[in-house]
Structure formats: structure tokens, C-alpha cells
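K.L.:
below is the structure, and that's it, no one-letter string:
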């Protein structure tokens, strides 16, 4: 719907007032059941509305009292081997949260209580798309509180380098620089020819996460399966929830969803891990071979320097690509 403009010339040249972006939660509760990618155990989970300024909080329904409450924040991360795991002081944990967190980020959900009866988020099809489907089925509602973002004020990095380097080197890094939106440039490089070297740069605003990133699935390599399972990992992995690679061959009968599905999934993981900042980030993210451990180290580095970031209230004027008549039901906020 176009802006309504008065026919008076002095008014028609005026710029419309910007609209404050409000926090969002779910309209109703919705649940799902699946298996954990690493545990192989069946788990039931529900996404539930929460009050403004609650953030994303997990509740272990198989536990009692305060022991079951685990905030989804960077400072509650307790393990980053093959997935991101959060835990509280009582030892309660929830692992493999990154795909769900990415979906919540992409949908602009600020506040939700995630009830789960086990220690791992169900893997679903290995992407964030099923979780976005759940959010859309539950619906979203604006709340009476402004949405805040973390604005990058000066460069921050974690890792071995501050720029992209030639393939074949062993450096890894993730960095952020000031920008007026949230964008991610990611590069991966694997020996397996089916993956090899892939690069992608994308500005994640106005639904781009849903259309370009959300369906990218997690992936693994046949030659790593035995070692992972001996370590108690990937026990629930299959061709139904992961892309499986053997040399130059994709073992999944339906092939890839994108030609560069692997780097897109790494961006998905990065979006989910960075949403543990507790708010969306406004800045340019550059990453080379980064993973869960380095993503969390980046947030630790970011919040250790108060001069490198600031909280800002979001408005449509502060988010490029969001129109004055922003539609909360169809337009996804900054990822």
C-alpha cells in the first residue's frame, strides 16, 4: 500500500516519519517431534509465546524448577563440538540449537519459550526451513516494546586473519565491520571435490534468509562417520536429515537443493550462532572456515569491548529495504 500524501505541495515533499520496529513473539504455541542429530533420541519440542524482553529461553520439561531454564545466550554456551550447546549452572543442557535459532532470527522473533523434553533440538530435515514453517503456522505478534539491535561500531574479529586468504592455508576467522544492515560473506574450502571451495555474500533483510538460506541442510562426510559415532556424535544422522558426501559423490538420491548448498548452510549456522548475542546484529560479517567454536569466540570478543558495539532501537529508517509501510506478517526483519 503506498504512503498517503496530501495534495498540498508543502506537505507532499515532506519525508514520512519513520516507524519504530517493535519486538515480536509467537501468537500461539506450536509443537513438533523428531530425533536428535547427534543423540539419535526422540524428542518433543514446542515453541511458545513470551513477554517482551524475555529473549529466547529454553525450558527442559523433563527437569524440575529453575534447573530446567537455559537462556539462549552466548555466555551460556558450554560446548561447540559439531553443534552449539547451551547449559546452566545446574548442568542442564540443550544441544544443536543453531538451526532453530537461525529460524527465529530470520523470522524476527525476539521472545519465545522453547519447551523441550530432552537434551537436543530435533534435527528435522537438517535445515531451518521446518522451524520457519512452525513459526509461520503459529503466527507472529508485535509487542509493546521497541526492538533493539547490536550495532557494530568498530571492527572486531576472532581467528587467525583479518581478510580472506588463499585456499589451502589453514587460517580461520570471523570478523565484523560497521555497516547499515546485516550481511554475511562466507568462504569454505574442503578437500572433498563435491564441496571444494565455495563463497557467498548476502545481505540478509526482508525475507532473504527464508528464500535463500533456510532450506540449506547440514552435511557430513562418509569417511568421518565412524569416528563421530565412536565419539557419541551423529547417531541420528541419515540421508533424511543431512547431505552425505563421499569424495566427489552426493549420496542423497534427490541431490542438492542449491548448487552451493554447503556454504549456504554455513551461513545458516553462523546466523543461528550469532543470534545468541541476544539481539540482531547490524554490521558486515566476514568469515573464512568459521564454525560453532569460532562463532562463539567472536561474540566473546565483541562483548569484551564496550567500544566495539552499541544498542540501538530499530526503525524502518534504520533497516535498509524495509518500507515505511512495513508488514509484520509478510516481511521478515533483519536476520
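P.N.:
Good, I have the coordinates. Predicted model, so just to flag it, every value in this text is computed and none were measured.
K.L.:
next helix or strand past the lowest-mean-pLDDT helix or strand in the chain?
P.N.:
Using mean pLDDT, DSSP states H and E, the weakest-scoring helix or strand in the chain turns out to be helix 9-12, at a mean of 38. Scanning forward in sequence from helix 9-12, with DSSP states H and E defining helices and strands, the next element found is strand 22-26.
K.L.:
packing partners of that next one?
P.N.:
In terms of contact count using 3 or more Cβ pairs under 8 Å, 6 or more residues apart in numbering; DSSP states H and E, strand 22-26 is assigned the packing partners strand 140-146. To be clear about C-beta, it is placed using only N, CA and C from the backbone, and glycine gets the same treatment.
K.L.:
what's around residue 248, how many residues?
P.N.:
As a burial measure, residue 248 scores 10 neighbours (other Cβ atoms under 10 Å).
K.L.:
likewise residue 181?
P.N.:
Residue 181 is surrounded by 19 other residues when neighbours are defined as other Cβ under 10 Å.
K.L.:
cool, residue 51 as well?
P.N.:
Under the criterion other Cβ under 10 Å, the count of neighbours that residue 51 has is 11.
K.L.:
equivalent analysis for residue 76, please.
P.N.:
Neighbour number of residue 76 under other Cβ under 10 Å is 17.
K.L.:
quick one: residues contacting it.
P.N.:
For residue 76, the contact set (Cβ atoms under 8 Å, 6 or more residues apart in numbering) comprises 70, 86-88, 276.
K.L.:
which two in these are spaced the farthest apart?
P.N.:
Maximum pairwise distance in those, criterion Cβ to Cβ, is 14.3 Å, between 88 and 276.
K.L.:
pretty sure residue 99 contacts residue 268?
P.N.:
Yes - here residue 99 lies in contact with residue 268, judged by Cβ atoms under 8 Å, at a distance of 6.9 Å.
K.L.:
which SSE is the residue lying closest to residue 71 once chain neighbours are set aside in?
P.N.:
Spatial nearest neighbour of residue 71, excluding adjacent residues (Cβ to Cβ, 6 or more residues apart in numbering): residue 57 at 5.3 Å. Secondary-structure element containing residue 57, defined by DSSP H and E: strand 56-60.
K.L.:
hmm, back to that, what about the contacts of residue 76, which one has the most neighbours?
P.N.:
When neighbours are taken as other Cβ under 10 Å, the top entry among the contacts of residue 76 is residue 70 (25 neighbours).
K.L.:
is it correct that that residue falls within a helix?
P.N.:
No - using DSSP: H, G, I helix; E, B strand; the rest coil, the assignment for residue 70 is strand, not a helix.
K.L.:
how far away is residue 147 from residue 153?
P.N.:
As judged by Cβ to Cβ, to the nearest Å, residue 147 and residue 153 stand 19 Å apart.
K.L.:
the more surrounded of those two?
P.N.:
Neighbours were counted for residue 147 and for residue 153 using other Cβ under 10 Å; residue 147 has more, 23 against 15.
K.L.:
contact partners for that one?
P.N.:
In this structure, residue 147 makes contact with 20-24, 108, 110, 279-280, 313-314, 333, judged by Cβ under 8 Å, 6+ apart.
K.L.:
list the buried residues for stretch 221-241?
P.N.:
Applying a neighbour-count criterion of 16 or more other Cβ atoms under 10 Å, the buried positions in stretch 221-241 are 221, 228, 233-234, 236-237, 241.
K.L.:
let me fix that: stretch 179-198
P.N.:
Of the residues in stretch 179-198, those scored as buried under the neighbour-count criterion (16+ other Cβ under 10 Å) are 179, 181-190, 192, 194-195, 198.
K.L.:
give me the lowest-pLDDT entry from those residues.
P.N.:
Sorting the buried residues of stretch 179-198 by confidence puts residue 192 at the bottom, with a pLDDT of 84.
K.L.:
the nearest residue to residue 253 once chain neighbours are set aside: which element?
P.N.:
In space, residue 253 comes closest to residue 239 once its chain neighbours are excluded; the distance is 7.4 Å by Cβ to Cβ, 6+ apart. Counting by DSSP H and E, there is no helix or strand that carries residue 239.
K.L.:
what separates residue 239 from residue 262, distance-wise?
P.N.:
From residue 239 across to residue 262, the span is 16 Å (Cβ to Cβ).
K.L.:
over to residue 200?
P.N.:
10 Å.
K.L.:
who has more neighbours out of those two?
P.N.:
For residue 200 versus residue 262, the count of surrounding residues by other Cβ under 10 Å is larger for residue 262: 23 against 18.
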